[in-house]
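Q: what follows is a predicted protein model with its sequence.
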Amino acid sequence: QRRVRASSTTSPGNSPSPLYTDSYGQKFVQQWVPWFYDLLKQCGRNMVTPSQPHGMSDWGEHHFWPDAVLTIHVATHNENREEEYKGAQDVSTRFFSLVVRESIYLNPILDHNSTSTREGDKVTVVANGTVNRLSHFVGRFRQVFCLERDPSYKNNYRIRCTSLKLCNTDFHVHYQT
């Protein structure tokens with residue numbers, strides 16, 4: 001178990017409006033989900049260290065709160081396993097490792113199963129999609145994000161916690177340091 005920090009200084013959806021309508025919530029999902037996964041994919045394209053700004057990618061611990069938590073559930077027909085990472089640096093590094101070292105790519109499908117709900121300055125986003133290793137389909141994923149506005153970063157959202165469930169039959173995710 002590890003600790004990590006993060007913030008999302010460039011994330012879309014930083015409107016100061018205190019209320020979400022159904023259409024706004026869906027619009028938020030349509031903007032935030034592709035932004036997050038595209039940013040993560042760029043890590044794999046750039047293949048550099050996660051602590052340095054690189055190319056078009058702004059990936060890093062600044063997208064997460066200092067006490068952020070990442071839980072990864074791996075479910076195959078042979079195993080059920082859970083990993084937990086705490087702190088922005090460890091959460092950011094684990095996502096980076098998933099893409100760069102393990103060649104796992106999460107491809108969200110924006111449909112009625114991708115949702116957003118809001119309570120005050122907190123937003124919960126649910127994303128579903130396919131998992132690929134390099135260009136091969138290996139399974140499906142479901143990820144829930146708990147986002148919270150950060151007034152010290154222009155009221156943009158940062159990830160407070162996230163739970164990633166990987167369901168497949170064709171791969172094993174092993175963390176490599």
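A: That came in fine, so what should we check first?

Q: what's the helix or strand for residue 99?
A: helix 88-100 (DSSP states H and E).

Q: so how far is stretch 67-82 off the chain centroid?
A: Stretch 67-82 sits 14 Å away from the centroid of its parent chain (C-alpha atoms, centre = their mean, to the nearest Å).

Q: quick check: end-to-end length of that stretch?
A: Its start and end residues considered, stretch 67-82 measures 19 Å (C-alpha to C-alpha, to the nearest Å).

Q: list the buried residues for the helix or strand following the helix holding residue 99?
A: Sequence order places strand 104-108 as the next helix or strand after helix 88-100, per DSSP H and E. Buried residues in strand 104-108, counted by 16 or more other C-beta atoms under 10 Å: 104, 105, 106, 108. All C-beta spots, glycine's among them, are computed from the backbone N, C-alpha and C.

Q: before we move on, the earlier item: quick check: angle from the helix holding residue 99 to strand 104-108?
A: 90 degrees (axes from the mean of the first three to the mean of the last three C-alpha atoms, to 10 degrees).

Q: same question for helix 88-100, mean pLDDT?
A: Taken as a whole, helix 88-100 has an average pLDDT of 93.

Q: which stretches of the chain form helices?
A: With helices called from DSSP state H, the chain shows them at 22-46, 88-100.

Q: save the ones you listed as JSON lines, and put in mean neighbour count and distance to residue 151 too.
A: Shown next, in JSON lines, are the helices of the chain (neighbours: other C-beta atoms under 10 Å; distance: least, C-beta to C-beta, whole Å):
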{"stretch": "helix 22-46", "mean neighbour count": "17", "distance to residue 151": "19"}
{"stretch": "helix 88-100", "mean neighbour count": "23", "distance to residue 151": "17"}
